[in-house]
Structure formats: C-alpha cells, structure tokens
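Next one to model:
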Amino acid sequence: MKKLVIFLTLISTTIFADIKKGKEVYKANCATCHTTDGRGGLGGDFNLVSYSRTKEEIKAYAKDPYSLYKKFGYSANAMPTLPLEDKEFEDVADYISSLVKFKKWMIKK
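As a prediction, the model looks like this:
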C-alpha cells in the first residue's frame, strides 16, 4: 500500500509539474492571442478549446495549424507555426486540458 501511495504521489507531482510548465509555455507563446478568462482574443479562449477538443487534438493543432485548420472546422488560419519542442507542445496541451471547462450553453451567440 505504501508503494502505491508513493507511486501515485510521484505521478500527480509529475502531472502538476507539466501543467505548471505548460502554463509558462502558454504565457510565453499563446497569451497574446488566446485568453483563459473568457475575455476573448484573436484566437479562441482556451477554456472553450478545452471543452471542445481533446488533449491530443490540441497538441496536434498547435504543432501544425496550417495543415489542420480545415479538418478542425475553421475557414481560415491565423495561428503561426510555433518553434516549440515536443515536450513543450505536450505541456501546453496538458495546461489547456486542465482548465475549468465552460458549458456550451454559457457561450453567447
């Protein structure tokens, strides 16, 4: 039992660290266009993105927005290709996925 508790503690610490690193990547590379507080911006608010996209989809789109924008249902793409390492894409996807999710009925039309 003690080994299980230690293992779970290590996993949760690692996940938390990835979210914290992801927030740093977000602030340095994404915050100019994407908000996390519902105020809007050039790109979608990441609370809404986290509600409608999986972590894997977020990571894939962040890595290659030009080839995926139509597949994701967008008519155009303004997002640049980011010069990030694979681990940074993973971390920022972890952060976005960790955000509190809005309900679709809260979105103003």
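
rest of the way, CA atoms for contacts and neighbours
Fine.

Centre-most residue in this structure?
residue 96 (2.7 Å; Cα atoms, centre = their mean).

what's near enough to touch that residue?
22, 46, 47, 49, 50, 55, 58 (Cα atoms under 8 Å, 6 or more residues apart in numbering).

For the one helix or strand residue 48 maps to, buried residues please.
Secondary structure from DSSP states H and E places residue 48 in helix 46-52. Applying a neighbour-count criterion of 16 or more other Cα atoms under 10 Å, one finds 46, 47, 48, 49, 50, 51, 52 buried in helix 46-52.

what's the average pLDDT for it?
Averaged over helix 46-52, pLDDT sits at 85.

Please apply the same query to stretch 94-109.
Stretch 94-109 carries an average pLDDT of 71.

what's the answer for stretch 21-30, then?
On average, stretch 21-30 scores 95.

tell me, how many neighbours does residue 19 end up with?
Neighbour count of residue 19, defined by other Cα atoms under 10 Å: 22.

Return the set of buried residues in the next helix or strand after the helix holding residue 48.
Downstream of helix 46-52, the first helix or strand assigned by DSSP H and E is helix 55-63. Within helix 55-63, the residues that count as buried by 16+ other Cα under 10 Å are 55, 57, 58, 59, 61, 62, 63.

Please list the outside residues in contact with helix 55-63.
With Cα under 8 Å, 6+ apart, helix 55-63 has contacts from 49, 68, 69, 81, 82, 89, 90, 92, 93, 94, 96, 97.

could you measure residue 99 against residue 59, distance?
15 Å (Cα to Cα, to the nearest Å).

just the buried residues of helix 55-63 now: which is nearest residue 75?
residue 61 (14.5 Å; Cα to Cα).

what pLDDT does that closest one get?
Residue 61 is assigned a predicted lDDT (pLDDT) of 93.

Go ahead and confirm residue 98 touches residue 20.
No: with contact defined as Cα atoms under 8 Å, residue 98 does not count as touching residue 20 (10.3 Å).
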